[in-house]
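>>> Sequence and predicted model, in that order:
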Amino acid sequence: MQYALLIYGDESAGADAPPEHQLQVMDEWRSYEEWLGERGIKRAGEALHDTSQATTVRVRNEDAMTTDGPFAETKEQLGGFYVLECDNLDDALEAARRSPGSRYGSIEVRPVMDFSQMEAPR
């Protein structure tokens with residue numbers, strides 16, 4: 001089954017960190033990527049730009065409205081994601097616990113819906 005690991009954290013927290021700390025954090029992410037690769041469970045994964053680069057789209061009564069920034073103000077922002085192929089939820093939770101993001105923010109683990117077995121409407 002596939003699981004999405006949604007990585008949340010305070011995107012401003014590392015802005016003033018010294019370069020040595022930033023390199024250490026990147027090394028942690030590289031090690032995590034290696035761990036995922038050794039297990040062969042990673043299907044996708046990307047980091048996202050800061051919310052200052054986001055645009056939110058809403059359609060109401062056929063009118064599209066766009067606003068700069070995320071949908072809501074929050075303490076933690078979605079910073080990236082992984083899609084993993086795991087045998088069960090416990091394996092997905094282990095992957096989330098090992099993520100460096102779990103030490104600095106939070107990881108939301110959600111099963112990915114599989115519509116391939118659903119019949120098309122007639």
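Happy to help now that I have it.

>>> Packing partners of the helix ranked longest in the chain?
Determined from DSSP state H, the single longest helix within the chain is helix 19-39. Helices and strands touching helix 19-39, by 3 or more Cβ pairs under 8 Å, 6 or more residues apart in numbering; DSSP states H and E, are strand 42-47, helix 89-98. To be clear about C-beta, it is placed using only N, CA and C from the backbone, and glycine gets the same treatment.

>>> tell me the most buried of the ones you listed?
Highest mean neighbour count of the helices and strands packed on helix 19-39: helix 89-98, a mean of 16 (counted as mean count of other Cβ atoms under 10 Å).

>>> what's it packed up against?
By 3+ Cβ pairs under 8 Å, 6+ apart, helix 89-98 packs against strand 2-9, helix 19-39, strand 77-85, strand 106-111.

>>> Distance check, residue 66 against residue 51.
15 Å (Cβ to Cβ, to the nearest Å).

>>> Settle it for me: which of these two has more neighbours?
Using other Cβ atoms under 10 Å as the criterion, residue 66 and residue 51 rank with residue 51 on top: 18 against 8.

>>> State the distance from that one to residue 68.
To residue 68, residue 51 is 9 Å away according to Cβ to Cβ.

>>> returning to what we had before: got the CA positions of the longest helix of the chain in CSV?
Taking Å, rounded to 0.1, in the frame of the first residue of the first chain, the C-alpha atoms of helix 19-39 are listed here in CSV:
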residue,chain,number,x,y,z
PRO,A,19,26.0,27.2,7.6
GLU,A,20,27.5,24.3,9.6
HIS,A,21,24.1,23.5,11.0
GLN,A,22,22.4,23.7,7.6
LEU,A,23,25.0,21.3,6.2
GLN,A,24,24.4,18.9,9.2
VAL,A,25,20.6,18.9,8.5
MET,A,26,21.2,18.3,4.8
ASP,A,27,23.4,15.3,5.7
GLU,A,28,20.6,13.9,7.9
TRP,A,29,18.2,14.2,4.9
ARG,A,30,20.8,12.5,2.6
SER,A,31,21.2,9.6,5.1
TYR,A,32,17.4,9.3,5.3
GLU,A,33,17.2,9.1,1.5
GLU,A,34,19.8,6.4,1.5
TRP,A,35,17.8,4.4,4.1
LEU,A,36,14.7,4.7,2.0
GLY,A,37,16.7,3.6,-1.1
GLU,A,38,18.1,0.6,0.7
ARG,A,39,14.5,-0.6,1.5
